[in-house]
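Trainee: just a sequence and a predicted model for now, questions to come.
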Amino acid sequence: MAGGATAGGVAAAGAVTGGAVTGGVAAGGPGGGRRRAAGEMRGVWVATVANRDWPSRPGLTAARQRAELIAHLDRAVRDRLNTVILQVRPTADALWPSPYEPWSQYLTGTQGRNPGWDPLGTAVEEAHARGLALHAWFNPYRVANHTDPARLAASHPARRHPDWVVPYGGKLYYNPGLPEVRAFVREAMLDAVRKYPVDAVHFDDYFYPYPVAGRTFDDTAAYDRHGAGHATRAAWRRANIDKLIEETAAGIELVRPATQFGISPFGVWRNAATDPRGSDTRAGVETYDDLYADTRKWVRENWIDYICPQLYWNIGFAAADYATLVSWWADVARNTATRLYLGEALYKTGDPAQPAAWQDPAELSRHLALAKKHPQARGHVFFAAKDVAADPIGAMARVVADHYTQPAMPPR
């Protein structure tokens, strides 16, 4: 889920510039009747944007799509994971029959075309049958990975309400500064919560878009109309995202109280050089200042059930040391009701373009060992499903062998 990633949800925070349970976990799930360890998040993201993880390509038959999805669930069970985070609204569209937004183009190749089955409904049913929790992953404001509204389905809300849309950096976004946009996206997402017993609603790191050099996100008209009472445009933008988080949490509580709300932000809130409360990092992106997402506040105010920062750097990485960030986030989560999970860059392992640490199959296993020193850290989520399956240098196998010898329930 890092900025600029084609996964649009979790992927490329390699450089530090940015560039995403209660019901259904059966006692007889993975591992059968064996005693389970104490609650621990063991999750995997399944990205659908650009067909990153699933479906493998658009236009497959319904039976083939379903078989590929089941294979990811079965792989999670084999690796003794317990949670699948499935991207179900990648670009203001839907992987379920939604009255608000069109079917996703990543299913059939044509936005708005019925794929002939219900992917989200099937995923919830099949995950729960395997003892897996299913978190529904939504991207609130991204409309398209291009800037041509004519390429959207004729029924798309962005075509009916062009005043809602801001082109920026080669993409289209809903304007977070418009109250009517915030109300619409909240209701579009809550439709899935009403229809299916999802174990959580999950947001990734995209709020206001990652900054693009030389480009301006043009929300001047919205600021002029709605910005009164805020000292700066930046403060107004943060207030808009705060409202999205608060109102979404309230909506989930009203519609399905057992469903959790979790967020997986970019791993750096602010650098200490910017704010003494920040981490001892030198990241080129800071969520507070660049994405207008005050992630630290959401944890401290207990607005969300869990936070899963994307700590996509190796131990000892100079600009953003994994160990430093685990310690910082543990301090943030201490004495709050917000659970801390850690996002892991499995996709980097074995990639020759990455630093040498990522060529070592034991790097991720060391992450889990380090995190155990911090009681606030209650598990890990791996990006992403395709990489869990491929595991080119055996890094995931090493994690399983070293840390997941027995099944575990997710934290409750």
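Mentor: Here it is on my side, so go on.
Trainee: use CA for all of it now, contacts and neighbours both
Mentor: Will do.
Trainee: tell me the helix or strand right after the longest helix seen in the chain.
Mentor: The longest helix of the chain (DSSP state H) is helix 233-255. Moving toward the C-terminus from helix 233-255, the first helix or strand encountered (DSSP states H and E) is strand 260-263.
Trainee: can I take it that residue 228 is in a strand?
Mentor: No - looking at residue 228 with DSSP: H, G, I helix; E, B strand; the rest coil, it is coil, so not inside a strand.
Trainee: burial check on it, number of neighbours?
Mentor: 11 (other C-alpha atoms under 10 Å).
Trainee: what do you get for residue 232?
Mentor: Residue 232: 11 surrounding residues under other C-alpha under 10 Å.
Trainee: pLDDT score for it?
Mentor: Looking at residue 232, its pLDDT is 98.
Trainee: likewise residue 411?
Mentor: Reported pLDDT for residue 411: 81.
Trainee: how about the nearest residue to it, chain neighbours excluded?
Mentor: Using C-alpha to C-alpha, 6 or more residues apart in numbering and skipping the chain neighbours, the partner closest in space to residue 411 is residue 39 (4.1 Å).
Trainee: residues in contact with the longest helix of the chain?
Mentor: Applying C-alpha atoms under 8 Å, 6 or more residues apart in numbering, the contact partners of helix 233-255 are 176-177, 182, 186, 190, 193-194, 207, 223, 227, 230, 259-261, 288-289, 292-294, 303-304.
Trainee: of the residues you listed, which belong to helices?
Mentor: Using DSSP H, the contacts of helix 233-255 in helices are 182, 186, 190, 193, 194, 223.
Trainee: now the fifth one: how far from residue 135?
Mentor: Okay, so that is residue 194. Taking C-alpha to C-alpha, to the nearest Å as the measure, residue 194 falls 14 Å from residue 135.
Trainee: tell me which residues in the longest helix of the chain are buried?
Mentor: Neighbour-count burial for helix 233-255 flags 236-242, 244-245, 247-249, 251-252 (criterion: 16 or more other C-alpha atoms under 10 Å).
Trainee: ok, stretch 143-158 next?
Mentor: 143, 144, 145, 147, 149, 152, 153, 156, 157, 158.
Trainee: from those residues, which ones fall inside helices?
Mentor: Using DSSP H, the buried residues of stretch 143-158 in helices are 157, 158.
Trainee: got CSV for the buried residues of stretch 143-158, with pLDDT too?
Mentor: Below are these laid out as CSV (pLDDT from 0 to 100):
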residue, pLDDT
143, 98
144, 98
145, 97
147, 97
149, 97
152, 98
153, 98
156, 97
157, 97
158, 98
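Trainee: quick check: the farthest pair among the buried residues of stretch 143-158?
Mentor: Based on C-alpha to C-alpha, the longest span within the buried residues of stretch 143-158 runs between 145 and 157 and measures 15.9 Å.
Trainee: can you give me the strands for the stretch 51-200 of the chain?
Mentor: In the stretch 51-200 of the chain, the strands defined using DSSP state E, counting those that start in this stretch lie at 83-89, 133-138, 142-144, 165-168, 171-174, 200-203.
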